[in-house]
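Visitor: Can you look at this prediction? I've put the sequence above it.
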Amino acid sequence: MKILRFFLIVIIFYTSSVLKADELDKRNNITKNLRCLVCQGQSIYDSDSEFANSLKILVDRKIDEGLTDAEIYEYFKNKYGEWILYDPKLNKNTYILWFMPLLIFLLGGAIIFKKLKKKHN
Amino acid sequence: MKNKILTFSVIIIFGIIFIIFYKGLEDSKIYTPDVNTKKEIPVFNTKEFFSGENVKSLSIFEFDKFYLLNIWSSWCVPCRQEHPLLMNLNLQNKLNIIGMNYKDNLKNAENFLKELGNPYKEIFIDLDGTIAIEWGAYGVPESFLIYNNEIIKKYIGPLNQELVNEINLLIK
């Protein structure tokens, strides 16, 4: 009986620490994708400013409340605008950013393709 | 003929890129937050500054009244500068000034108010800075002009006489 109890405790401890580690990973992931608005070129994860520290607490709280990553990003976007996200979403302000590389890539490909065809002929 | 089309399209594309980058040069590289958005004020629970009792944000802000929420701290030097302006603003009955004490030592904060006066109708505390984040604030000092539970205007940094005049115009 004692052995059973011991194993039960070990199992509970083990699973809870795994859960905590998952949460930590999630928290780190989210804070790395949030921009520290009062610092220069740092994410919330990297920064130790007052602003960043408060934001980290709030991210923890939101994770505890059971919000998904997307919901947490949406929450901060509502408070501070798109700029707080490192990963800009596709919209009318950012479409050039998203399609320019593709366009240049296609153009380059077309030029190479034409040259190769000429050589072949 | 084919060559001409190629040079033409290359020139066009370089032209477009040039225009995009040239326009980018004119944009401010410093992040400027949106200060004019009409946003509902957040709902939160906190503690009252003097009594330490629990307060709900809904009981602080009433409809049809102008409020100025001021985030302050005793360790913040610009707060000291703007404090006399808040004292002056408080002389008018139209505006209720609410204080949010940000990440402060309560003793130091009390001394700050004793030394410079208390312009606040009510003060609540934000020990870990999370309520400030709920408001979309960046740091101290910061002030929010509120009417009908909506943020009319946000003032980042210390207030000055010019901004106080603007507030007076807005609450007329």
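Guide: Arrived safely, thanks for sending.

Visitor: Skipping its backbone neighbours, what lies nearest B:Pro84 in space?
Guide: Spatial nearest neighbour of B:Pro84, excluding adjacent residues (Cβ to Cβ, 6 or more residues apart in numbering or on different chains): B:Leu116 at 7.6 Å. For every residue, glycine as well, the C-beta is placed using N, CA and C.

Visitor: how close does the one you found sit to B:Leu106?
Guide: 16 Å (Cβ to Cβ, to the nearest Å).

Visitor: for A:Lys77, same thing?
Guide: 34 Å.

Visitor: Equivalent analysis for B:Asn118, please.
Guide: 14 Å.

Visitor: Pick out whichever of those two has more residues nearby.
Guide: Higher neighbour count among B:Asn118 and B:Leu106: B:Asn118, with 18 against 14, using other Cβ atoms under 10 Å in any protein chain shown.

Visitor: Show me what the lengthiest helix in chain A packs onto, helices and strands only.
Guide: Assignment by DSSP state H gives helix A:2-32 as the longest helix of chain A. Judged by 3 or more Cβ pairs under 8 Å, 6 or more residues apart in numbering or on different chains; DSSP states H and E, the packing partners of helix A:2-32 are helix A:50-64, helix A:69-80.

Visitor: ok, 6 Å please
Guide: helix A:50-64 (3 or more Cβ pairs under 6 Å, 6 or more residues apart in numbering or on different chains; DSSP states H and E).

Visitor: for the helix it packs on, which positions count as buried?
Guide: A:Glu50, A:Phe51, A:Ala52, A:Asn53, A:Ser54, A:Leu55, A:Lys56, A:Leu58, A:Val59, A:Asp60, A:Lys62, A:Ile63 (16 or more other Cβ atoms under 10 Å in any protein chain shown).

Visitor: Residue of chain B closest to chain A, please.
Guide: Closest contact between chain B and chain A, by Cβ to the nearest Cβ, is at B:Gly129 (3.1 Å).

Visitor: I'd assumed A:Ser54 was in contact with that residue.
Guide: Yes - at 3.1 Å, B:Gly129 counts as touching A:Ser54 under the criterion of Cβ atoms under 6 Å.

Visitor: can you list the weak-confidence ranges in the chain?
Guide: Answering for chain A, as no chain was given. Scanning chain A for pLDDT under 70 picks out A:16-19, A:88.

Visitor: Switch to chain B, please.
Guide: Applying pLDDT under 70 to chain B flags the ranges B:1, B:28-37.

Visitor: 50 instead?
Guide: Applying pLDDT under 50 to chain B flags no residue at all.

Visitor: Please, where are all the helices along it?
Guide: B:2-26, B:57-60, B:77-90, B:106-116, B:130-134, B:161-170.

Visitor: what about B:Glu62, neighbour count?
Guide: Residues near B:Glu62, counting by other Cβ under 10 Å, number 11.

Visitor: Let me see the backbone angles for the closest residue to B:Asp64 other than its chain neighbours.
Guide: In this structure, B:Asp64 finds its nearest non-sequential neighbour in B:Asn148, 6.6 Å apart by Cβ to Cβ, 6+ apart. Backbone geometry at B:Asn148, expressed as degrees, to the nearest 10, gives phi 50, psi 50.

Visitor: B:Asn148 and B:Phe63 touch, don't they?
Guide: Yes - counting by Cβ under 6 Å, B:Asn148 touches B:Phe63, with 5.5 Å between them.

Visitor: Looking at the two, which is more packed in?
Guide: Neighbours per residue (other Cβ under 10 Å) separate B:Asn148 from B:Phe63, with B:Asn148 holding more: 15 against 7.

Visitor: Flag every residue of chain A that's near chain B.
Guide: A:Val38, A:Phe51, A:Ser54, A:Leu55, A:Ile57, A:Leu58, A:Lys79, A:Tyr80, A:Trp83 (Cβ under 6 Å from any Cβ of the partner chain).

Visitor: tell me the centre residue of chain A?
Guide: With distances taken as Cα atoms, centre = their mean, A:Asn33 lies nearest the centre of chain A, 4.0 Å away.

Visitor: For the spatially closest residue to that one that is not a sequence neighbour, grab the count of nearby residues.
Guide: With sequence-adjacent residues excluded and distances taken as Cβ to Cβ, 6+ apart, A:Asn33 is closest to A:Tyr86, at 5.0 Å. By other Cβ under 10 Å, the residues close to A:Tyr86 number 11.
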